[in-house]
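Asks: just coords:
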């Protein structure tokens, strides 16, 4: 019997979640309303009405908002402008693999702080800052339903990290693409709201509308905004305005909030299917987070395994897995498995976890 | 009397040239036909049907085509991947100011070769290569209606530059955004066609459809293509597919060629108005190119002036000019004036040149 492979790999939204007709309506509308602005060269910071909307939403002047071709591009631009070779940067461990690439490519020394159930080990951070006198340039965090682990940073740790950033003068890059995808439970404040002067707040419409539109944004600190906009202008002159205008129109028509509700209704049963399947099949084999939102459940295997062997055995069993090692700044990660649940049906999730448990047992 | 200022500054297309209704039709069509591809994450090289079309057009496999957020972004990505600090790069002098910024930001040493009426001084280039043994990494050229001078590289110089690139193993970055905007006269072959293994061929739909869509592309040399695509994926994962799909649909519907004819019919009288006004007002004050296409006429003043003074006096006379110094890699450029003509009416052009002649006479 040939098994259909199940892709427990990338964290992408399912195609059935894309609001195609609404986006087509928005495209026509904005080409009629704003063609002179959309089709011409213009400000490097993005489509002005969207920047104005985001400025108001976050309580900053419009020049502190930049809308780019996805938020990773904005991370890259920040890294290039700010990081000098050997600069120390802190990350959660595990963390988003693409950010590790970007930090290192810019010449940074990357130091990871292990995550526990409510965020990174802040005692260890404080020790390095206070006792060892280390002076990092920045700390990259994904406080809400972290990629890859699903962890939510507790209020207490948010407050401590914000206070440390103030005291020791490092920047926080707060990346919140999954924040609005909370399926239950109460939302802690952003770190940005606790230390607005020290935080680059980044988010994106990739998980709320569509990734292919490539509309991500950043709230830049006061002192960084103008030089960063100049750096961006020198890189691509003007971003693609059409997709940005479509997102603006989509929001103006009141379609974003209902779409987020639709996504939550689609994803919550998938999260529950994932947690249920883990409870059923993985007890004793692994430990995992129980997030209330986002795209991922991070799991750590009990037994020692080599990632290469795990991936190969999973493939043979009809399962595609992401190599956990990519998420770890300091090495390791062989036992870490990122389990995305949004783009799979509950049936696929249950079958995937059943197969994965079989693979793990066969390795043990 | 308050004079309306005339902007002899940026080389942008006029808003009346944007085919708004056709683009709206294309947007709706592609969202219906390709929504799963357009709205999702996908290949870093761009929207596949457009890459396939360009691959066929240029006779290369599809993986050698990359479509990005304008061609400057692609230049920047190449520079970052290829240039190591101190690498020698050649440019025409004057050349596109934004490219100078990108090369220098990547750490390159930039050497300019003066343009005469049919391209750069190839004897000087050959001397540096042969007699001095210099080994540049790349030579950036805009052979067709060069920005900022309007110069067209002669066939003979194309052949010599292609042969030198083969002999001395440097790359040619051939940037041809204005090539299709030839209003009269015969087209020489691309340098790419003369030395396909040594050339990055870059172009864009910014001047043929709309700049704000941000759709530029590059044909990558065989050995560079795969590492560059990986570098791009690590930078922004996926480009904005919607605008790329719209451009593809626009081409498939047979609308590009008629649009180019419309643009030529709009721009040729503007070029003629520019050349006529220069003949009428500038004889004895300056020399200038007589291009058969493109966006710009490059002019050099006879008298010594300081750019700062020229710009200030022009402003006082109701004229915005671009600072010529930005186009010169080796300094100088005070006497150089870039005159864009596409986004001004013939009346504005004649009035602008009349005012400019008055300013120059007052400085002399």
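Replies: Here it is on my side, so go on. Quantities reported herein were computed from a predicted structural model and do not represent experimental measurements.
Asks: ok, residue A:257 - how many residues close by?
Replies: Residue crowding around residue A:257 was assessed by other Cβ atoms under 10 Å in any protein chain shown; the count is 11. No exception for glycine: its C-beta is placed from N, CA and C like everyone else's.
Asks: give me the distance between it and residue A:144.
Replies: As judged by Cβ to Cβ, to the nearest Å, residue A:257 and residue A:144 stand 18 Å apart.
Asks: tell me the spacing between residue A:356 and chain B.
Replies: Counting by Cβ to the nearest Cβ, to the nearest Å, the gap from residue A:356 to chain B is 23 Å.
Asks: off-centre distance for stretch A:48-59?
Replies: Its chain's C-alpha centre and that of stretch A:48-59 lie 21 Å apart, by Cα atoms, centre = their mean, to the nearest Å.
Asks: ok, and does that stretch reach over to chain B?
Replies: No: figure legend: stretch A:48-59 not in contact with chain B (Cβ under 8 Å from any Cβ of the partner chain); closest approach 12.2 Å.
Asks: and the contacts of that stretch?
Replies: Residues from elsewhere that reach stretch A:48-59 (Cβ atoms under 8 Å, 6 or more residues apart in numbering or on different chains): A:34, A:37, A:42, A:45, A:61-62, A:64-67, A:192, A:201, A:215, A:217, A:219, A:244-245, A:247-248, A:251-252.
Asks: now stretch A:221-234
Replies: Contacts of stretch A:221-234 (Cβ under 8 Å, 6+ apart): A:43-45, A:63-64, A:66, A:68, A:77-78, A:80-82, A:171, A:197-200, A:220, B:98, B:101-102, B:105.
Asks: keep only those of the residues you listed that are in strands.
Replies: Among the contacts of stretch A:221-234, DSSP state E puts A:66, A:68, A:171, A:199, A:200 in strands.
Asks: can you map out the strands along the stretch 101-250 of chain A?
Replies: Along the stretch 101-250 of chain A, the segments classed as strands by DSSP state E, counting those that start in this stretch run A:109-116, A:119-120, A:138-141, A:171-175, A:199-204, A:216-219.
Asks: kindly state the pLDDT recorded for the residue nearest to the spatial centre of chain A?
Replies: In chain A, the C-alpha closest to the average C-alpha coordinate belongs to residue A:177, at a distance of 4.9 Å (Cα atoms, centre = their mean). pLDDT, residue A:177: 98.
Asks: so who does it touch?
Replies: A:71, A:142, A:147, A:202, A:203, A:204, A:206, A:207, A:216 are the contacts of residue A:177 under Cβ under 8 Å, 6+ apart.
Asks: average pLDDT across stretch A:234-241?
Replies: Mean per-residue pLDDT for stretch A:234-241: 97.
Asks: what distance separates the start and the end of it?
Replies: End-to-end span of stretch A:234-241 (Cα to Cα, to the nearest Å): 17 Å.
Asks: and for stretch A:178-193?
Replies: Terminal-residue distance, stretch A:178-193 (Cα to Cα): 17 Å.
Asks: gap between it and the chain center?
Replies: Relative to its parent chain, stretch A:178-193 has a centroid offset of 13 Å by Cα atoms, centre = their mean.
Asks: buried set for that stretch?
Replies: Using 16 or more other Cβ atoms under 10 Å in any protein chain shown as the test for burial, stretch A:178-193 gives A:178, A:179, A:180, A:181, A:182, A:183, A:188, A:190, A:191, A:192.
Asks: try stretch A:341-356
Replies: For stretch A:341-356, burial by neighbour count (16+ other Cβ under 10 Å) applies to A:341-344, A:346, A:348-356.
Asks: now do that stretch: everything it contacts.
Replies: A:3, A:6-8, A:10-14, A:266-267, A:269-274, A:276-278, A:280-282, A:295-297, A:314, A:317-319, A:321, A:337, A:339.
Asks: take those and keep only those in strands.
Replies: A:6, A:7, A:8, A:296, A:297, A:319, A:321, A:337, A:339.
Asks: out of the strands of the stretch 101-250 of chain A, which gets nearest to chain B?
Replies: With Cβ to the nearest Cβ, the closest approach to chain B among the strands of the stretch 101-250 of chain A belongs to strand A:216-219: 9.3 Å.
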